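Undergrad: Output the structure for:
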Amino acid sequence: MTIKEILEKAKQQGRTALNEVESKDVLKTIGIPTTETRLATSKEEAVAFAKAIGFPVVLKIVSQDVLHKSDSGGVKLNITNEEGVSRAYDEILTSVKKAVPSAKIEGVSVQNMARSGLEVIIGLSKDPQFGPVLMFGIGGILVEIMKDVAFRIVPLTRRDAREMIREIKGYPLLEGYRGMEPANIPLLEEMLLKVSNFAEENPDVREMDLNPVYAYRDNALAVDARIILD
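TA: Model (predicted):
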């Protein structure tokens, strides 16, 4: 499906946000690397998808009503066999229904387990005065505590992308602080420019969060994504 078809489908269904699978389909379309992710609506389907993707895999709840998946027991990592997938599927549904009884559950996403890397965030939001604004910073679960981010108004130039990455306090981590694997900075710049172009071409998107993006020496991978419509 094209991006416009994905967005239109969500609108026709009365949804204000894309689920994780749809959001990652958008990322693939605009050229941002992400994990292979499929939506399972049954335990048997989850097992079949895991076998097709290849172990180890990650299972996550897919529901617009569950904002913090991990806190609700909606995430299972590093699952290495079919029995583990079946067990994880049941445990996720049980935990989420207990934590958020009113949640409308679309299913469970099945995706390959990505190698850990330095976690960064790329975000997009609409400012009432300035319009689309892009954000970059240190990501993962610490993003709200660290608040180490930089902002630029869309559209970005290559210089904008380069500067906003380098102005965060955590930039030394991206260079490979104390033996850590350095990030591929030019690739992160490209990702920012692609999100900027996406924002220009799709004004009906209100918010977009890629968090975390694993930054590696030779690659960068968005392992979770959320897109909210205007």
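
Undergrad: And residue 57, how close does it get to residue 172?
TA: Residue 57 is 33 Å from residue 172, where distance means Cβ to Cβ, to the nearest Å. Glycine gets a C-beta too; all of them are placed from N, C-alpha and C.

Undergrad: Compare these two and say which is more crowded by neighbours.
TA: residue 57 (28 against 11; other Cβ atoms under 10 Å).

Undergrad: pretty sure the more buried one is touching residue 111, no?
TA: Yes - between residue 57 and residue 111 there is a contact at 6.4 Å, judged by Cβ atoms under 8 Å.

Undergrad: Could I get the CA-only coordinates of stretch 2-21 as CSV?
TA: Extracted in CSV, the C-alpha atoms of stretch 2-21 (Å, rounded to 0.1, in the frame of the first residue of the first chain):
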residue,chain,number,x,y,z
THR,A,2,1.1,3.6,-0.6
ILE,A,3,1.4,6.1,2.2
LYS,A,4,-1.8,7.8,1.2
GLU,A,5,-3.6,4.5,1.1
ILE,A,6,-2.4,3.6,4.6
LEU,A,7,-3.5,7.0,6.0
GLU,A,8,-6.8,6.9,4.2
LYS,A,9,-7.6,3.5,5.5
ALA,A,10,-7.0,4.7,9.1
LYS,A,11,-9.3,7.7,8.6
GLN,A,12,-12.1,5.5,7.1
GLN,A,13,-11.9,3.3,10.1
GLY,A,14,-12.3,6.4,12.4
ARG,A,15,-8.8,6.0,13.8
THR,A,16,-6.6,8.9,14.8
ALA,A,17,-3.4,7.0,14.8
LEU,A,18,-1.6,4.3,12.8
ASN,A,19,-0.7,1.1,14.6
GLU,A,20,3.0,0.0,14.8
VAL,A,21,2.8,-2.3,11.8
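
Undergrad: What residues of the helix or strand of the chain with the lowest mean pLDDT count as buried?
TA: Sorting the helices and strands of the chain by mean pLDDT, DSSP states H and E puts helix 143-146 at the bottom, at a mean of 70. By neighbour count on 16 or more other Cβ atoms under 10 Å, the buried set for helix 143-146 is 143, 146.

Undergrad: Same question for stretch 92-106.
TA: 92-93, 95-96, 100, 103, 105-106.

Undergrad: about what we covered before: the helix or strand just after the least confident helix or strand of the chain pairs with which strands?
TA: Going down the chain from helix 143-146, the next helix or strand is strand 149-153, by DSSP states H and E. Sheet pairing of strand 149-153 (DSSP bridges) gives strand 131-138 (antiparallel).
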